[in-house]
Each structure stands twice: as structure tokens, then as C-alpha cells.
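1. Provide a 3D model corresponding to the input given below.
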Amino acid sequence: MKQGVIASYVSGIFNKTKGESFATIIYYCFPEFITNLVVYSMPVLLDAWFVSTLQSTATYMALGASNTFLHLIIKMAEAFSVGTVIVVGMHNGAHEYEKAGKSLRNAFWTTITVGIFIAASLVVFAREIYVWHGLTDDVIAISIPFMQLRAVSVVLMFVSFAFMGFLRGIKNTRTPMHIFVVGMVAFVCTDYVLIFGKLGFEPMGLRGSAIASIVQYSVMVVLALAYLFLHPDNRRYKLMLFSPVESFDEIAQFIRISVPVILDKAIMAMAYIWLCRTMASIGKYGVAAFCVVKDMERFALIPAIACAQVITFLVSNNVGAREWDAVKINIKKVILIASVSVGCLLMMFMTSPRSFIELFDKKGDFVTMASSAFPFLSVLAFFDLLQLVLSGALRGAGDVRIVMLTRLIICFGFFVPVSWFLVRMNIENELLKFMLVYGSFYLGNAFMSVVYLYQFRTNRWKYALGQKE
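-> Numbers count the residues shown, from 1 in each chain. So this is what the prediction gives:
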């Protein structure tokens, strides 16, 4: 007889015979936590802090809106990396090392082609992007040069993420962590020097931030290449990036797995872009308040993002080894680890959100709205945590289609129309409207979690790649 959800969860987290131990999962999660800290939060927060010291709310809004859109590009690159993790992980779990090495070649050429295309689009359509956001002319004028410079780093980012995906697929999470840390240090140092004009450079302001990102990903690509081709542990994979493609079926398989991941990750990133656009109509500093709250909550969700990446390669290796029970047990343990970690970080912020927000609002323009909304939105952030881990698990099982369709239907069938309706309502209290619109995003995440739980409870996930018990 099938256990209830709670009983099944409790029995799973205390299971010591199947799946990974808590110590092993934390061992895998810690490097991913550090990696996500230095990739998604620390550079963003430090960059925003540097820019905020210029005491220009327009410049801060330009950076925040740009980062929200660039988050979409990062998620697309990350999706290709996830596709690499899935394909490489399955070959690695089956001890097909040479095939795992060929998967890197396929990922490299696919991602660099896409990266060049996206970078060119950013250069050509930069103005149109910001006009669609509903930003004022002064903010748009500041944003365009920044986005056109960032386009260069986009190509390098796609390449570096392909290399990171391969390393994660072979269960090497520490090397990506080290590479990301060095890249972050390079970014922060260059960012500080160029924004403020240190060491003989002229002050570049926001342009300095864009150049620093180019330096960051250039360093990461060089380090990744050196490790992949010089470290003796990688010889069994027979890596040859420039070898001829033996079968386009391999590339087709990689694209077939990656495209749904790209779409589902892009959908979530576009939800944030839509939020940014709607906040522009709430109040004069709605965009700025949204950007700082988003950055705080994304920082708190770093453990969940790390856990989602870990559960992807754990599940892909479990599937390759036909260890079906281990899949669900690992998911339950990862959810517990993510919940405790995220909860601690959110509580840290909720003790004094105003003090943190004031670091980015030197004039006090948006601190009241942001600090008042943060505690309410932090409670709802658990639903984002849950859908992150469950969607990562489904990707690891190759069930990428259900994740894509669920996000597509809920984001565009529920979140967009509901948030737009709330914005159009005659709600005079700007803070209340801000919380309702932002809260509708997390309510959509709750609906996604229900779908993903149903997928696992009914064992439909086993048949995504023709696997049968």
C-alpha cells in the first residue's frame, strides 16, 4: 500500500540502506553552494553595491534591469550545461568514458554557436530590449552601452558553462567551484578598479562593470581548458574538442535533451523579466525595490539552487545504474538540506531587512517599500525552493518535457495574466500591490511543485527515456 506524502517523506530521509548519505550529499552540495555564491550572488551584490555608491538611482535601476534580462541569458547557458550533465552523467554512470568525452565536444560546438548568435542579438536590439521594459529615457541611455559590452562576455560564458557541465557530469564539483571562485575574484577586482578609476584607469562607471565580466569569463575558460586537458584523471575520456563529429545523432540527442531545459529555465527567467516590467508601472521606484528584494531572495535560495544541480547528477547516475529507489530517497534528503539552509539565510535577512537594503539605497528612495515587502515574500519563497529541487530531479531522470510544459502553462496561463490583472486593479497602496504581484509569482511555483510531486508519486518519470522498472 502506497504511503502518504508525509509518511513517505519521513521514511525516505531516515533510510540508510539506499541512496546517498546526508554527509555525501552535503559533500557534493558544498562546492555547488560556493560555486553559485560566486556566480549568481556575490558578483551581483558587490557590483550593485559599487554602482550604488555612485548615488544615482537611475544607474542602479539600469544595472538591475540589465541583470534581470541577462539572468535569462545565463539560464540559457546553464540549460546547455544541464544538458551536458545529463548526457555525460549517464555515460559516466554506465562507465562509457569515451562517449562521455565525445559529449563534451558536442556541447562545446553547440553552445558556442548559440552564444555568438545571442551576443549579436544583444548588440543589435539593445534599445528595443529596454524600451519594452518600460524604463525612462535617462535609464535607457545608461543601459545600452552596458548591454552591448556585456554581449562579449556572453560568448565566453556559454563556453565556460559547457566545460562546467562536463565536470559536474563526471561527479567533479570541486574543480568548477575553484574555477568559479578565481573568476569571481578577477571580476570583483577588475570591477572595483574600472568603476572607480583606480590604478591609473579613468572612472568608467557602469561600463567598467561590463568589462569586468569579460575578464571574469576569459579567466574561467582558460582555467577550465587547462584542467580538462592537462589533469591525468581526465585521460580516460579522450577529450578532443576539434575532432570530427562521427554521428550527428549524438548532437541531435544533446539538443533534444537541452532544448526543453532551455525552454523551462528561460520561462522562469522571463517571469522575472515580466515582474521587472510590471514593477515599472507600480511606482517611481518599483523597479529598484524589486531588484534589491530579488537579489536578497536569490542569495537566500543559493542552497536550493546548489541542491537542484546536485540532485540532477545524482538522479542521472542513479538512472544509468538502474537504482530506482535511490532516486526518490535522494530527492527527499536533498529537500531537507535545502529547506534548513534556505530557512537560516532568510531568517538572517528578516532580522533587519532595512539595514541591508540601505546599503544599496543611499538616498532612501525605495528602502521602505523593499524592507516592508521582504518578510512576507520570504515565507512564500519556500515554494520556489521546492520546485527548484523537484525540477532538477526530473531533469536528471531525463523527464525534461514535463518540466518545460508545466512551467510554460503555469507562467503564461496563470502568472502573467494574474499579475497583469493585479497591476491594472485600482489598488492605491503601492506596497500592497507590490506584494500581491510578486506573491503571484511564488503561488505559480507552488502549483508547479504539485505537478512535479504527482509525477514522482505516480512513477511517470521512469518512462521519459524509455526506462522501465
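2. State the next helix or strand along the chain beyond the longest helix along the chain.
-> When the chain is parsed with DSSP state H, its longest helix is helix 57-93. Per DSSP states H and E, the first helix or strand lying C-terminal to helix 57-93 is helix 97-124.
3. How far away from the center of its chain is that next one?
-> Averaging C-alpha positions (Cα atoms, centre = their mean, to the nearest Å) puts helix 97-124 18 Å from its chain's average.
4. Can you give me the buried ones in that helix?
-> By 16 or more other Cβ atoms under 10 Å, the buried positions in helix 97-124 come out as 97, 99-112, 114-115, 118-119, 122. C-beta: built from backbone N, CA, C; applies to glycine.
5. now for that helix, which elements pack on it?
-> Taking 3 or more Cβ pairs under 8 Å, 6 or more residues apart in numbering; DSSP states H and E as contact, the helices and strands that helix 97-124 lies on are helix 57-93, helix 137-169, helix 248-279.
6. Out of those, which one sits most buried?
-> helix 57-93 (a mean of 25; mean count of other Cβ atoms under 10 Å).
7. Please state the offset of that one from the chain centre?
-> Offset of helix 57-93 from its chain centre (Cα atoms, centre = their mean): 5 Å.
8. Okay, angle between that helix and helix 248-279 too, please.
-> Using axes from the mean of the first three to the mean of the last three Cα atoms, to 10 degrees, the inter-axis angle of helix 57-93 relative to helix 248-279 is 150 degrees.
9. what helices or strands is helix 57-93 leaning on?
-> Counting contacts by 3+ Cβ pairs under 8 Å, 6+ apart, helix 57-93 packs against helix 42-52, helix 97-124, helix 137-169, helix 206-230, helix 248-279, helix 286-300, helix 302-320, helix 367-396.
10. closest to residue 67 out of the ones you listed?
-> Nearest to residue 67 among the helices and strands packed on helix 57-93 is helix 42-52 (6.2 Å), distances taken as Cβ to Cβ.
11. Pull out the buried positions in the closest one.
-> 42-45, 47-48, 50-52.
12. Let me know the closest of those residues to residue 31.
-> Distance to residue 31 across these (Cβ to Cβ) is lowest for residue 42, with 15.1 Å.
13. could you list every residue that touches the nearest residue to residue 144 once chain neighbours are set aside?
-> In space, and not counting its chain neighbours, residue 144 is closest to residue 126: 4.7 Å by Cβ to Cβ, 6 or more residues apart in numbering. Residues in contact with residue 126 (Cβ atoms under 8 Å, 6 or more residues apart in numbering) are 143-144, 147-148.
14. What about residue 126? Give its phi and psi, please.
-> Main-chain dihedrals, residue 126, degrees, to the nearest 10: phi -60, psi -50.
15. And it, what's its pLDDT?
-> For residue 126, the pLDDT comes out at 89.
16. how much space between it and residue 404?
-> According to Cβ to Cβ, to the nearest Å, residue 126 and residue 404 sit 28 Å apart.
17. again with residue 378
-> Distance, residue 378 to residue 404, using Cβ to Cβ: 28 Å.
18. quick one on the thing from earlier: which stretch among the helices and strands packed on helix 57-93 comes nearest residue 24?
-> Here helix 302-320 is closest among the helices and strands packed on helix 57-93 (Cβ to Cβ), at 9.3 Å.
19. okay, which residue is most central for the protein?
-> Of all residues in the chain, the one closest to the mean position by Cα atoms, centre = their mean is residue 75, 5.4 Å from it.
20. what's near enough to touch it?
-> With Cβ under 8 Å, 6+ apart, residue 75 has these contacts: 265-266, 268-269.
21. which ones are touching residue 123?
-> Counting by Cβ under 8 Å, 6+ apart, residue 123 touches 148, 151.
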